[in-house]
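In: need a 3D model of the sequence below.
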Amino acid sequence: MSAARTLQKFLLFVCLVFESAYGQATGSIEGKAADASGAAILGAVVTIEGSDGSRHMTVTDADGGFHVSLLPLGNYNVRISAYGLSDWTAANVQVSDTLESKPLLAVLQVAPNVTSVTVGVGPEEVAAEQLQQQLKQRTLGVFPNFYVTYESHPAPLSSKQKLHLGVRLLIDPTTFVAVGATSGIQQEMNSYYQYGQGAEGFAKRFAANYTTTAASILITDVAMASLLHQDPRYFYSGQGTNSQRAWHAVKSSLLTKGDNGRWQPPYASVAGWIAAAEISEIYLPGERTQYTLIGRTLMFRFAGAVAINMLQEFLLKKLTSNTGARSVAPLLREGTPVSLIAVDQAGASGVSTGDKVSFVLAQDLTVDGKVVAKAGDVASGRVGQVSAGNSPDEASTVGLERVTLRAGSVDVPLRSNQVRGVAGPMQYKELAGSGKLEVTLYVAQNVQFPESQ
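Out: Residues are numbered from 1 along each chain as shown. I've put the predicted structure just below:
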């Protein structure tokens, strides 16, 4: 009886072992990623998803190869993503539990959005279309507000377009009305008394004021802006806090955006203002020293620019018609978590201070449903510090510096901690079945993306 009971227990144990082994049977999926020329792709992100929603990830090695093990037997969907290439997908890929399985061969093609960026309307044509929109902008439906653009990413104006913009303002009826009103006030106050009174005095004042306006626009906003490749317009922001918008208005008074899209010292404005002031000496009566002339010109011009820019940023858009529909560019917020996979291992045991490290984006990064960075986009940085644990049971830590994710045409700075100024190691974990490391970093500052990104 005892022997029979022992045999029964043994058979039950064997059944349980077989049941457990069957339930935990695993296999692997492996393959190689290459481009259309057959060259191996390093750092392509491989995502393997099961029907139960499980996800396993890795990246390809220098030979383009990948291998993910410990996968429960079944069918999986495989997606491979790499920078500048279209995703490669395969459905119902069966896990192999034998060594004789045939590896996947994924050939990734050049992404359509990459090949199409060189085709389409040129920047001058885009600028011409945007300029036509600007020339419809009128504050209170009457006063021209041509020298402000509400486009998020306006195309630079050509020299011909800068001339067209300046002349269009000079011949606008409201310009003649404004010059006439200024001349009337001057005559009432007997400014430039040398001109006298009556119709003749008014005509002289009108001619002098219109000449000053024309010289300022044609020399500063046309000639100098074209010669020095700077843009005479105000670039409306409308985003951020009130203090950020106010600083944008002030900065736009002290700096000028070049035709290359970069902020520069206002060479064109300063040179044009001084030249226009010097020319005014020819026809304005009275005596002014050179120091007084230049000093007053620059002081009043900069002060006036700050005031006007503040009005443009906070008030005039609300009062201006035909500003056009301004789409909101995606804004990637500071502190947003970003999942990356290390192409070369970035764990404490594999790196030392000063080493360069490379990562790929583990999954698409989205803002309000819009993809701003694609899985497979590349990030790089360097190791700032490696610290050993205080005990054998305590993990070592790695600190990273100057990590930047290249998302299309935009560089996204990353840091190790979600909160600014808090020092600490990066967070990372080993991806099951592949041995690769997944790293979580955070966006270091707000990053604005163009609408077309």
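
In: so which helix or strand takes in Arg301?
Out: Assignment of secondary structure by DSSP states H and E places Arg301 within helix 290-311.

In: and the helix or strand just after that helix, average pLDDT?
Out: The helix or strand immediately downstream of helix 290-311 is helix 317-319, counting by DSSP H and E. Over the span of helix 317-319, the pLDDT mean works out to 94.

In: what average pLDDT does the helix holding Arg301 get?
Out: Across helix 290-311, pLDDT averages out at 77.

In: doesn't Thr174 make contact with Gly141?
Out: No. Contact between Gly141 and Thr174 fails when scored by C-beta atoms under 8 Å: they sit 11.2 Å apart. For every residue, glycine as well, the C-beta is placed using N, CA and C.

In: the two: which is more packed in?
Out: Under the criterion of other C-beta atoms under 10 Å, the comparison of Gly141 against Thr174 puts Thr174 first, with 13 against 9.

In: can you list the domains in this structure?
Out: Per the record, the chain has its domains at 23-110, 123-321, 331-448, by automatic domain parsing.

In: do you know the pLDDT at the spatially closest residue to Pro72 that is not a sequence neighbour?
Out: Ranked by C-beta to C-beta, 6 or more residues apart in numbering and with sequence neighbours excluded, the top spatial neighbour of Pro72 is Thr26, at 5.8 Å. With respect to pLDDT, Thr26 has a value of 83.

In: could you do Ala348 as well?
Out: Ala348 is assigned a predicted lDDT (pLDDT) of 48.

In: then Lys436?
Out: For Lys436, the model assigns a pLDDT of 84.

In: do Asn390 as well
Out: According to the prediction, Asn390 has pLDDT 55.

In: ditto for Ala40
Out: Taking Ala40 on its own, its pLDDT is 92.

In: the one 5 residues further on now?
Out: pLDDT for Val45: 93.

In: likewise for Gln448?
Out: You'll see Gln448 listed with a pLDDT of 78.

In: and it, what are its phi and psi?
Out: phi -90, psi 130 (degrees, to the nearest 10).

In: does it touch Val367 like I think?
Out: No. Using C-beta under 8 Å as the test, Gln448 is too far from Val367 to be in contact (10.2 Å).

In: what residues are shared contacts of those two?
Out: The contact sets of Gln448 and Val367 overlap at 330-332 (C-beta atoms under 8 Å, 6 or more residues apart in numbering).

In: which of the residues you listed tops the neighbour count?
Out: Leu332 (21 neighbours).

In: dump the residue contacts of that one.
Out: Contacts were defined as C-beta under 8 Å, 6+ apart; by that measure Leu332 touches 365, 367, 372, 412, 443, 446-449.

In: not counting sequence-adjacent ones, nearest residue to it?
Out: Taking C-beta to C-beta, 6+ apart as the measure, Leu332 lies nearest to Val447, with 4.4 Å between them; neighbours along the chain are not counted.

In: quick one: contacts of the helix or strand hosting Gln161?
Out: In the assignment (DSSP H and E), Gln161 maps to helix 159-170. If you take C-beta under 8 Å, 6+ apart as the criterion, helix 159-170 is touched by 124, 127-128, 131, 134-135, 144, 146-147, 157, 175, 213-214, 217-218, 221-222, 225-226, 232.

In: how far does that helix sit from its chain's centre?
Out: Once both centres are worked out by C-alpha atoms, centre = their mean, to the nearest Å, helix 159-170 turns out to sit 30 Å from its chain's centre.

In: pLDDT of that helix, averaged?
Out: Computed over helix 159-170, the mean pLDDT rounds to 97.

In: relative to helix 159-170, how tilted is whichever helix or strand comes after that helix?
Out: Once helix 159-170 ends, the next helix or strand along the chain (criterion: DSSP H and E) is helix 173-188. Between helix 173-188 and helix 159-170, the angle formed by their directions is 50 degrees, by axes from the mean of the first three to the mean of the last three C-alpha atoms, to 10 degrees.

In: could I get the buried residue list for helix 173-188?
Out: Buried residues in helix 173-188, counted by 16 or more other C-beta atoms under 10 Å: 175, 178-179, 182-183, 186-187.
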